[in-house]
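Novice: Quick one: sequence plus predicted model below, questions after.
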Amino acid sequence: MLRRLLAPAVVGVLLAAGCGSGDDDRTGSTSSTTAATGETATTEATSATTDPSASTTSTTSTTPGPTTTVAGGCAEAVAGWPLRRRLALLVVVGVDPSGPDEASAAVEDEHVGGVFVGGNATDLFTSGALTDLGRASPTGLMVAVDEEGGRVQRIEGLDGEVPSARAMAAAMTPDEVRALAERRGRVMADHGVTVDLAPVVDVSDQPDGTVIGDRSWSADPEVVVTYARAYADGLLAAGVTPVLKHFPGHGAASGDTHEAAATTPALDALRTRDLVPYERLLPELGPRAAVMLGHLDVPGLTEPDTPASLSPAAVDLLRTEYGFDGVVMTDDLASMASITSRLGPDEAAVRALAAGVDVVLLAGADVPVLLDRLEAAVADGTLTEAAITTSVARVLALRGLDPCAIAL
């Protein structure tokens, strides 16, 4: 099991030091090389064996929890940054994986906080552009992929294929999964990736090829906890941030949120199964991990015709009942019908940030138009500068950056 390495909320330290408005928090590292650039100064974990005879007890991570020391006055420093730059830090946009041009334009021209690399082309990874962009940005860069294994993997062209979560849980020990995730994470980090949109912690007995199916470790929440912990621990040891998804649980939903709106069982039912992985893992991982909200309608939780990704109640559940201090992000707002059948991606981004989400993910976006819309939402009071500052603090803390040392 992982140790509880983050007793205080790190962004709580930021806010107490003046880097926020009293809302919430997020994590980081004092290391001079950070996950924002794909490099890591974390302690090397002892390599776990991939021998089938390996122990089934998951290796304890030796990666230190992120900490940030911030001098007073950071709230004023961050508040003095151009509003558009602060808003851009909360946007992750999909880019062409076949070359660096789109990623470079999004980061250098629009200053987005992150890029999402989908598809199976590897030219962008091998170009070195992702690492260079992260190093060149004073606020760092989130470079995200959804590398789960099985049907959802992005770097098989660089490191071969790996099994699905369900297949790994059936055939491998937790230590073997941890070792696999650490090795895979090091390949990602070496190519500029800083964030893996995995592990899936949905609890599901769906057939393999369905929307969750074999992306789930198991229909047993305890098995999900064990293997998702091992996978996340391996990523962290490699310097890659894991993202638990899809809160509050897609495993028993009525359909595929890529195709249409989908409804989960009622909240009380989710507590007994789907929410167990969050209850167990979040106190251990703390804000070293992020959490992705699914586009899921949840009876007893979300507002009418409002998926969890746009719901203040869902964010509040995650923050208060489950005590999560880190970055909360959305699933893709630009191409999934559970969102696009109700409203446009720019409006969805406004709604998500207004609900308390820190980072909006859009697989495709007209970034200048999106930022115009977000600025207008600040002007009309839908978004507050205090909340934006808080989310910026979380994002920077995850990257190990001191806001007081950044001049924009």
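Specialist: Happy to help now that I have it.
Novice: Quick check: Tyr231 vs Arg135, distance?
Specialist: Per Cβ to Cβ, to the nearest Å, Tyr231 is found 27 Å from Arg135. The way it works is simple: take the backbone N, C-alpha and C, and place the C-beta from them, glycine included.
Novice: neighbour-wise, which of those two wins?
Specialist: Using other Cβ atoms under 10 Å, the more surrounded residue of Tyr231 and Arg135 is Tyr231, with 30 against 15.
Novice: Let me know the secondary structure of that one.
Specialist: helix (DSSP: H, G, I helix; E, B strand; the rest coil).
Novice: burial of Glu321, as a residue count?
Specialist: Residues near Glu321, counting by other Cβ under 10 Å: 12.
Novice: My error: substitute Asp305 in the last question.
Specialist: When neighbours are defined as other Cβ under 10 Å, Asp305 has 10 of them.
Novice: what sits against it?
Specialist: Neighbour list for Asp305: Asp297, Arg342 [criterion: Cβ atoms under 8 Å, 6 or more residues apart in numbering].
Novice: try it again with 7 Å
Specialist: Arg342 (Cβ atoms under 7 Å, 6 or more residues apart in numbering).
Novice: What strand or helix carries the residue lying closest to His250 once chain neighbours are set aside?
Specialist: Nearest in space to His250, with sequence neighbours left out and distances taken as Cβ to Cβ, 6 or more residues apart in numbering, is Asp202 at 4.6 Å. Using DSSP states H and E, Asp202 sits in no helix or strand.
Novice: so Asp202 touches Pro248, yeah?
Specialist: No: assessed by Cβ atoms under 7 Å, Asp202 is found out of contact with Pro248, at 9.8 Å.
Novice: Mutual contacts of the two, please.
Specialist: By Cβ under 7 Å, 6+ apart, Asp202 and Pro248 have these common neighbours: Asp274.
Novice: burial of the residue nearest to His250, as a residue count?
Specialist: 28.
Novice: swap in Arg186?
Specialist: 18.
Novice: and if you look at the one 5 residues further on?
Specialist: A total of 22 residues lie near His191 under the criterion other Cβ under 10 Å.
Novice: so it sits right up against Phe125, yeah?
Specialist: Yes: here His191 reaches Phe125: they are 3.9 Å apart, a contact under Cβ under 7 Å.
Novice: what do the two both touch?
Specialist: Leu158.
Novice: right, and the helix or strand after the helix or strand hosting Asp316?
Specialist: Element membership for Asp316 (DSSP H and E) is helix 312-316. Counting by DSSP H and E, the next helix or strand C-terminal to helix 312-316 is strand 328-332.
Novice: by contact count, what packs against that next one?
Specialist: strand 290-293, strand 359-362 (3 or more Cβ pairs under 7 Å, 6 or more residues apart in numbering; DSSP states H and E).
Novice: go again using 8 Å as the cut-off
Specialist: strand 241-247, strand 290-293, strand 359-362 (3 or more Cβ pairs under 8 Å, 6 or more residues apart in numbering; DSSP states H and E).
Novice: next one: whatever helix or strand comes next after that strand to chain centre, how far?
Specialist: Per DSSP H and E, the first helix or strand lying C-terminal to strand 328-332 is helix 337-340. Relative to its chain's centre, helix 337-340 lies at 20 Å (Cα atoms, centre = their mean, to the nearest Å).
Novice: and helix 337-340, C-alpha only, in PDB?
Specialist: As requested, the backbone C-alpha atoms of helix 337-340 are provided in PDB (Å, rounded to 0.1, in the frame of the first residue of the first chain):
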ATOM      1  CA  ALA A 337     -22.500  13.500 -27.100                       C
ATOM      2  CA  SER A 338     -23.500  13.600 -23.400                       C
ATOM      3  CA  ILE A 339     -22.200  17.200 -23.600                       C
ATOM      4  CA  THR A 340     -22.500  18.200 -27.200                       C
END
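Novice: Give me the buried positions along it.
Specialist: Ala337, Ser338, Ile339 (16 or more other Cβ atoms under 10 Å).
Novice: Let me know the pLDDT of the last one.
Specialist: At Ile339 the predicted local confidence, pLDDT, stands at 97.
Novice: give me the number of residues near the closest residue to Gly94 other than its chain neighbours?
Specialist: Leaving aside its sequence neighbours, Gly94 sits nearest to Ala363 (Cβ to Cβ, 6+ apart; 3.8 Å). Neighbour count of Ala363, defined by other Cβ under 10 Å: 17.
Novice: show me where the stretch 101-250 of the chain has helices.
Specialist: In the stretch 101-250 of the chain, the segments counted as helices under DSSP state H, counting those that start in this stretch are 101-104, 123-126, 129-136, 156-159, 165-171, 174-190, 221-237.
Novice: so what does the fifth one touch, helix or strand wise?
Specialist: Helix 165-171 makes packing contacts with helix 174-190, helix 221-237 when contacts are defined by 3+ Cβ pairs under 8 Å, 6+ apart.
Novice: shaky segments in the protein?
Specialist: Along the chain, the model assigns pLDDT under 70 to residues 1-73.
Novice: List the contacts of the residue nearest to His250.
Specialist: Ile212, Arg215, Ser216, Val224, Lys245, His246, Gly249, His250, Gly251, Asp274.
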